[in-house]
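Q: sequence plus predicted model, see below.
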Amino acid sequence: MMHKSAPLKMVVTNNAGVTVMDIQGRIDSITSGLFLSRLNELIDGGCNRFIIDFSRLSFISSVGLRVLLVCDKKIRPRDGKIILCGLSTDVQEVFKITEFSTIFPVCKNREEALVLAVS
């Protein structure tokens, strides 16, 4: 069964020098380009510490996971980090199966993620 891709909404804020991205919708083959473009724009603008809040993300495909890897590779040499928070049960399962939860720190909420991001 084909799922119609929900529009991807991204709200970006800054908290204590950390870029916080609130993601809503799905990150799949249709929307991953937009996700990558926005992250690259922020990275090229000097951001290198990210909290990505997935509490309103309903789905992430392998293409979306690749976006995270590509961006992580870009910012790591600059002492950057990507911290994820608010993963739904379904999204958590994807991260567990793919072992991405061993690559990226995963926190329960933004507050926990912010403590980790500024440390």
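A: Received, thanks. Not measured: the values here are computed from a predicted model.
Q: list the contacts of stretch 14-26.
A: Residues outside stretch 14-26 that contact it (C-beta atoms under 8 Å, 6 or more residues apart in numbering) are 3, 5-13, 31, 35, 38-39, 42, 47, 49-61, 110, 114, 117-118. (Glycine included, C-beta is placed from N, CA and C.)
Q: mind telling me what element L39 is part of?
A: If you go by DSSP states H and E, L39 is part of helix 32-44.
Q: direction included, what does the longest strand along the chain pair up with?
A: Looking only at the chain and at elements set by DSSP state E, the strand with the highest residue count is strand 49-60. Counting by DSSP bridges, the strands paired with strand 49-60 are strand 18-27 (parallel), strand 81-85 (parallel).
Q: pLDDT averaged over it - what is it?
A: Mean pLDDT, strand 49-60: 96.
Q: and stretch 72-88, end to end?
A: Terminal residues of stretch 72-88 are spaced 22 Å apart (C-alpha to C-alpha, to the nearest Å).
Q: same question, stretch 11-27
A: End to end - C-alpha to C-alpha - stretch 11-27 spans 14 Å.
Q: in this protein, which residue is most central in space?
A: I52 (4.0 Å; C-alpha atoms, centre = their mean).
Q: how far away is it from L84?
A: 5 Å (C-beta to C-beta, to the nearest Å).
Q: same check, this time on I27
A: Distance, I27 to L84, using C-beta to C-beta: 12 Å.
Q: re the thing from before, buried members of the contacts of stretch 14-26 into PyMOL, please.
A: Typed into PyMOL, the line below selects the buried ones among the contacts of stretch 14-26, using 16 or more other C-beta atoms under 10 Å:
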select buried, resi 6+8+10+31+35+38+39+42+47+49+50+51+52+53+54+57+59+60+61+110+114+117
